[in-house]
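Q: show me the folded form of this:
(chains A and B)
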Amino acid sequence: MTSAISVDRLEVIFDRFRALKGVSLDVEPGESFGLVGESGSGKSTLLRAIVGLAPVASGSIAVNGKTLGPRRDKAFYREVQMVFQDPYGSLHPRQTVDRLLQEPLAIHGFADSEKRIERALDEVGLGKGFRFRYAHQLSGGQRQRVAIARALILEPSILLLDEPTSALDASVQAEVLNLLEEVRRRRKLTFLMVSHDLAIITHMCGRLMVMQGGEAVENLAANDLVERRVTKDYTRNLLKASEGFVRTT
Amino acid sequence: MSTLLDVQDLRVTFPTRIGLVEAVRGVSFSLGRERLGIVGESGSGKSQTGRAIMGLTPPQARISATKLTFDGIDLLAASPRERRALRGNRIAMILQDPKYSLDPVMSIGRQIVETLRTHEKVSKAQARERALAMLEAVQIRDPKRVFDLHPHEVSGGMGQRAMIAMMLIAGPEMMIADEPTSALDVTVQLEVLGILDRLVSQRGMGLIFISHDLRLVSSFCDRVLVMYAGKVVEQLKASELSQAQHPYTRGLLNCMPRIDADRHPLPVLDRKPEWAA
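A: Next up, the predicted model:
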C-alpha cells in the first residue's frame, strides 16, 4: 500500500538557517499522525513544506505515491488542504463566509457551488445563517469552523492541521476537536496534525513524531505516551511539563 | 492573615454603540499574602478585573465598587498622581506577551532602570547594579549581555523573565500576572512559573494569577476564583478543585483532552443561561 504522505530526508533552509535537518516521515492513508515540539522545532515548517510554502533545499515529498516537484498543481490542492492556527489571520476580513467558500470552488471549476457551500456549512455545524457574515462577526470557534469548511469543500483526502485549536478557549477547543474527529471518521480522511500539546496529540492521533531543533527526536504510538514508554529525555520533559506546575521546596 | 487588597462589588462598564456593556458585574474578593488564581474564558472579565485594580482601564469605561482598597488606600478615590506612585512600586503587573508589552526601542536594562528610578532615588550606577542583580535573580545566565539587548533580540521566555525582573525591582507587595506564560512553550512555561513562585514566596507578596488554564492555575495557586460572564461563579481551594460544584467549573475541567483518558468525543460545555444571571 502506498503511503498518503511520504517525506524523505527533507531539508528546508531559510537563507542560512536550517529549519529542517533531514526529516523523514510516513503517514498511512486514513491515519491520523501528530507532530509535537516546542516553537522553532520545525513542526510547522514541515507542513508548510508539504503544501509548497517553504523553500525545500533537498529531500523528497510524495503524496499518494506521487513525488512532488517544485510546483504544486491544481490536482494536488484538491487532495491536500490545510487549516491554519490563527482563525483571525487566515480568513479574509473583507469577504463574507460565502465569498470565502466560493473561492476554492471557482478555482477548481465546480459548477454546483450553491449546494456545496450549504453542505459544507452544515457539516461544520454552522448552518445557513452564517453564510453572509464577515469573519469579524464570528467568534474564534466559529471562524475556525469556517476555515475547516473551506478546507473540506474540495473534498480532499488529506488534511494538514497546524495548531488548529491553540488560539481557542478550552471549551471551544473540545468542540472543534470533536468536529475534526467526526469529519475524519465520516470522510475517511488522513490527518497530519501539529500541536505543542501532548494531550491533544494523544487524543487525536494514533502515531506521533517528537521534533526538536529541526530534527526528529523520536517516533511513538499514542499508547506509548499513555504508558510512559518514552526513550528520549526531551520527550520525558515534555510529558512532565504537560502535567502542570510542581512546587519544588 | 492581613488583607492586602479588598474588592467588593466591582463593576466595569463600557459604553458601546449598542448601549452599556458590563464586562465585570459585581466581583468581590480579598487577597492576603497568598497566591490567588482567577480563571475564565475569553470575555469572562478576568483581565478587566486585574486592570481595574491596577488602574489601567480605558478612560471611556466606568468603574464602580462599594469597596476597592489596597492596604487601606481607597483606589477609587485616589488621584492619578497617587495611583502612579502605587503602580510599579507597590502594585506590579506582568502582561501576557513580552513581544508587545516591552518597549521595542529601548534596551532591556534601560527599561528596568527606568522603573527603579521612577520610584526610588538611586544613582545611575546603583540602579545598574540592582538591575543586573535582578536579572540574575530571574535566572538569566549572562545578565551583562542581556542588559544591553533590545526585546526583539531575546526569546519569549527570556523576554518574560526580563519583564518579571522589571516588575519586581521596586519590591512590590502585590503582583498581578495576566496570563504570564500563555505565549511561552510548555517547558519554558514551567521554568518561568518556578521563578515567579520562588520570588513571590521569598518576598511574601500577594499574587493574582489570571489565566484561562484551570489546571495550570490550580497547580500553582492556593485559591481559585472561577469567572463566567463577568461574575465569580465559584471560589475554591486549589487542592479541592476535583470537588468543584459549579457545572461551569466542572465542564471546564472535563473538556480538556488528557493523556491518560481515552474519551471520544470529548465532553463539551453546555452553557446554561442561568449561569450568567
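
Q: and residue A:44, backbone torsions?
A: Main-chain torsions, residue A:44, degrees, to the nearest 10: phi -70, psi -40.

Q: tally of neighbours for it?
A: Look at residue A:44: counted by other Cβ atoms under 10 Å in any protein chain shown, it has 22 neighbours. From N, CA and C alone the C-beta is placed, and that goes for glycine too.

Q: which pLDDT does the model give it?
A: What the model reports for residue A:44 is a pLDDT of 91.

Q: please apply the same query to residue A:17.
A: For residue A:17, pLDDT reads 89.

Q: write out the residues of the stretch 1-150 of chain B neighbouring chain A.
A: Contacts of the stretch 1-150 of chain B with chain A, taken as Cβ under 8 Å from any Cβ of the partner chain, map to B:41, B:42.

Q: now the closest residue to chain A within the stretch 1-150 of chain B: closest residue in space, sequence neighbours ignored.
A: Using Cβ to the nearest Cβ, the single residue of the stretch 1-150 of chain B nearest to chain A is residue B:41, 4.2 Å away. Nearest residue to residue B:41, sequence neighbours excluded (Cβ to Cβ, 6 or more residues apart in numbering or on different chains): residue A:169, at 4.2 Å.

Q: ok, the one you found touching residue B:214?
A: No: with contact defined as Cβ atoms under 8 Å, residue A:169 does not reach residue B:214; the gap is 10.9 Å.

Q: what is the subsequent helix or strand relative to the longest helix along chain A?
A: Longest helix of chain A, by residue count under DSSP state H: helix A:170-187. Next along the chain after helix A:170-187, taking DSSP states H and E as the criterion, comes strand A:190-195.

Q: if you average the pLDDT over that next one, what comes out?
A: Summarised as a single mean, pLDDT over strand A:190-195 is 95.

Q: could you see whether chain B lies near the longest helix of chain A?
A: Yes: on the criterion Cβ under 8 Å from any Cβ, helix A:170-187 is in touch with chain B at A:170, A:171, A:172, A:173, A:174, A:175, A:177, A:178, A:181, A:182.

Q: just the buried residues out of these, in ChimeraX syntax.
A: The following ChimeraX line selects those of the residues of helix A:170-187 next to chain B that are buried, judged by 16 or more other Cβ atoms under 10 Å in any protein chain shown:
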select /A:170,171,172,173,174,175,177,178,181
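
Q: in JSON lines, list the residues of helix A:170-187 next to chain B along with pLDDT.
A: Shown next, in JSON lines, are those (pLDDT from 0 to 100):
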{"residue": "A:170", "pLDDT": "85"}
{"residue": "A:171", "pLDDT": "86"}
{"residue": "A:172", "pLDDT": "88"}
{"residue": "A:173", "pLDDT": "90"}
{"residue": "A:174", "pLDDT": "91"}
{"residue": "A:175", "pLDDT": "90"}
{"residue": "A:177", "pLDDT": "94"}
{"residue": "A:178", "pLDDT": "93"}
{"residue": "A:181", "pLDDT": "94"}
{"residue": "A:182", "pLDDT": "93"}
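
Q: residue A:170 touches residue B:212, doesn't it?
A: Yes: between residue A:170 and residue B:212 there is a contact under Cβ under 8 Å: 6.8 Å.

Q: any shared contact partners between these two?
A: Taking Cβ atoms under 8 Å, 6 or more residues apart in numbering or on different chains as the contact rule, residue A:170 and residue B:212 both touch residue B:41.

Q: returning to that earlier point: list the contacts for the residue nearest to residue B:41?
A: A:140, A:141, B:41, B:42, B:212.

Q: circling back to that earlier point, list the contacts of the residue of the stretch 1-150 of chain B closest to chain A.
A: A:169, A:170, A:171, A:172, B:212, B:228, B:252 are the contacts of residue B:41 under Cβ under 8 Å, 6+ apart.

Q: can you tell me how far the fifth one sits from residue A:169?
A: Distance, residue B:212 to residue A:169, by Cβ to Cβ, to the nearest Å: 6 Å.

Q: shared neighbours, these two?
A: Taking Cβ under 8 Å, 6+ apart as the criterion, residue B:212 and residue A:169 both touch B:41, B:42.

Q: helix, strand or coil for the spatially most central residue of chain A?
A: By Cα atoms, centre = their mean, chain A has its centre lying nearest to residue A:161, at 1.0 Å. Here residue A:161 is recorded as strand under DSSP: H, G, I helix; E, B strand; the rest coil.

Q: the residue nearest to it when sequence neighbours are not counted - how many residues pack around it?
A: Nearest non-adjacent residue to residue A:161, counting by Cβ to Cβ, 6+ apart: residue A:193, 4.3 Å away. Counted by other Cβ under 10 Å, the residues lying close to residue A:193 total 26.

Q: show me the beta-bridge partners of residue A:193.
A: Per DSSP bridges, the residues bridged to residue A:193 are residue A:34, residue A:161.

Q: understood, closing this out.
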